[in-house]
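1. Task: produce atomic coordinates for the following.
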Amino acid sequence: MTYAYDPEIAPAVPMLPHLDLSDLPATREQLKAVFAELRGEVDETGVTFREEWVPGPEGAPDVRVRIYTPDRITTPAAIFDVHGGGFVIGDLEIDHPANLRFARELGVVVVSVDYRLAPEAPYPAALEDCYAALTWVAKNAAELGADPDRIAIHGISAGGGLCAALALLARDRGGPAIRFQYLGVPEIDDRLETPSMQRFIDTPQWNRPRAELSWDAYLGEGVRGSADVPVYAAPARAVDLSGLPPAYVSAMEFDPLRDEGIAYAQALLAAGVTTELHLFPGTFHGSSVVEHAAVSKREVTEAIVVLGRALEV
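-> Purely as a prediction, here's the structure:
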């Protein structure tokens, strides 16, 4: 199918790497090689980062986190970052450049979590890892240079979906206070019934076939779309969104996740949750990798502005 991509983005589409979610071991190795090559091009100045293992969920292994501390903390706040990857790929390297930028430009601590991946560790492993790491951040906020009441959660794609679930879980368990939830193109609906999900079967980076593989790995074969999927796995199923932290939701025009993100933003608003929604025209899932495009620059800049405002930087 032909799509009206932004003219600065369109020429790059044929050159995007192909990620085969049906061969996860090979795809994970491919990603490691890509990020290892890019690592030397990332500006790491002005920020010190280190890794720690923190207590995991009860009965589960410890969780690895990467902590980014700016040379000068200007605001006692923290961003808790959850990477994307369809629940099945990705690690701390995916968001490394963005987390460096957040720490450096906002002057706040950033903590990124390396949760377990499906299908080896299906739901709720990833979410419980994130919750355990967030709890650790809140308990150790003072030592990290942050106020436990000024923590924003941030995630893109599956990371955005995990952040939406994390906000629900923290509310229902009376867990750590979350000041703000940044839900970038969130993957939140296993039913795959929205018009955008049914239409965009061949879009770059993400499409319906990949969404099917993703949810089957995360929930288990034959579970997606059934009545047995909990709201903490697929937040779009939640009927009570009251009492959640303020939110920002982004959507891309030619992204199968577009309509579920828009619907979730509308549901948050209906529940009385202050919510900002931004749909970027001419874009597709992950199109910000085309960094020179003006629309990509707007997306990146907006994340800084939105998080800074939420944390009162």
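
2. From here on, just use CA atoms for contacts and neighbour counts.
-> Noted.

3. Measure how buried Gln266 is and give me the count.
-> Neighbouring residues of Gln266 were enumerated by other Cα atoms under 10 Å; the total is 17.

4. That one sits in which helix or strand?
-> When elements are assigned from DSSP states H and E, Gln266 belongs to helix 258-270.

5. Distance from the chain centre to that helix, please.
-> Centroid displacement of helix 258-270 relative to its chain, using Cα atoms, centre = their mean, to the nearest Å, is 16 Å.

6. So for that helix, mean pLDDT?
-> Taken as a whole, helix 258-270 has a mean pLDDT of 98.

7. From the rest of the structure, what touches that helix?
-> In this structure, residues lying in contact with helix 258-270 by Cα atoms under 8 Å, 6 or more residues apart in numbering are 185-189, 194-197, 236, 241-242, 248-252, 274-277.

8. just the strands in the stretch 201-313 of the chain please.
-> Counting by DSSP state E, counting those that start in this stretch, the stretch 201-313 of the chain has these strands, from start to end: 247-254, 275-284.

9. packing partners for the first one?
-> On a contact count with 3 or more Cα pairs under 8 Å, 6 or more residues apart in numbering; DSSP states H and E, strand 247-254 meets strand 180-184, helix 258-270, strand 275-284.

10. go on, the longest one?
-> Identification of packing neighbours for strand 275-284 by 3+ Cα pairs under 8 Å, 6+ apart yields strand 247-254, helix 258-270.

11. on that earlier part again, pick the most deeply packed of the helices and strands packed on strand 247-254.
-> When the helices and strands packed on strand 247-254 are scored by mean count of other Cα atoms under 10 Å, the highest mean neighbour count falls to strand 180-184 (a mean of 27).

12. what's that one in contact with?
-> Contacts of strand 180-184 from elsewhere in the structure, counted by Cα under 8 Å, 6+ apart, are 151-157, 159-161, 163-164, 167, 245-251, 307, 310-311.

13. And the buried ones among those residues, selectable in PyMOL?
-> If you want just the buried ones from the contacts of strand 180-184 in PyMOL, going by 16 or more other Cα atoms under 10 Å, the selection is:
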select buried, resi 151+152+153+154+155+156+157+159+160+161+163+164+167+245+246+247+248+249+250+251+307+310+311
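
14. right, and the strands of the stretch 201-313 of the chain - which one's nearest Val42?
-> Taking Cα to Cα as the criterion, strand 275-284 is the member of the strands of the stretch 201-313 of the chain that comes nearest to Val42, at 23.8 Å.

15. tilt between the closest one and strand 247-254?
-> 20 degrees (axes from the mean of the first three to the mean of the last three Cα atoms, to 10 degrees).

16. Tell me the strands beside strand 275-284, with direction?
-> In the sheet containing strand 275-284, its partner strands are strand 247-254 (parallel), by DSSP bridges.

17. how close does Val249 sit to Thr274?
-> 11 Å (Cα to Cα, to the nearest Å).

18. one step back: of the strands of the stretch 201-313 of the chain, which is nearest Arg116?
-> Closest among the strands of the stretch 201-313 of the chain, using Cα to Cα: strand 247-254, at 24.6 Å.

19. Quick one: distance of the closest one to the chain centre.
-> 12 Å.

20. Which helix or strand in the chain has the lowest average pLDDT?
-> None of the helices or strands of the chain scores lower by mean pLDDT, DSSP states H and E than helix 24-39, at a mean of 82.

21. Now do that one: distance to the chain's middle.
-> If you compare the mean C-alpha spot of helix 24-39 with that of the full chain, they lie 19 Å apart, counting by Cα atoms, centre = their mean.

22. can you list contacts of that helix?
-> Applying Cα under 8 Å, 6+ apart, the contact partners of helix 24-39 are 19-21, 88-90, 93-94.

23. With stretch 225-235 instead?
-> Stretch 225-235 is contacted from outside by 123-124, 161-162, 164-166, 168-169, 188-192, 219, 223, 237-238, using Cα under 8 Å, 6+ apart.

24. Likewise for stretch 149-165?
-> Taking Cα under 8 Å, 6+ apart as the criterion, the residues outside stretch 149-165 that touch it are 76-87, 126-127, 130, 138, 177-188, 231-235, 307, 310-311.

25. and the end-to-end length of that stretch?
-> The straight-line separation of the ends of stretch 149-165 (Cα to Cα) is 19 Å.

26. any idea of the mean pLDDT for it?
-> When pLDDT is averaged over stretch 149-165, the result is 98.

27. Phi, psi for Thr69 please.
-> Main-chain torsions, Thr69, degrees, to the nearest 10: phi -120, psi 120.

28. repeat for Ala152
-> Summarising the backbone geometry of Ala152 under the convention degrees, to the nearest 10, its torsions are phi -110, psi 140.

29. Thanks again, I'm all set now.
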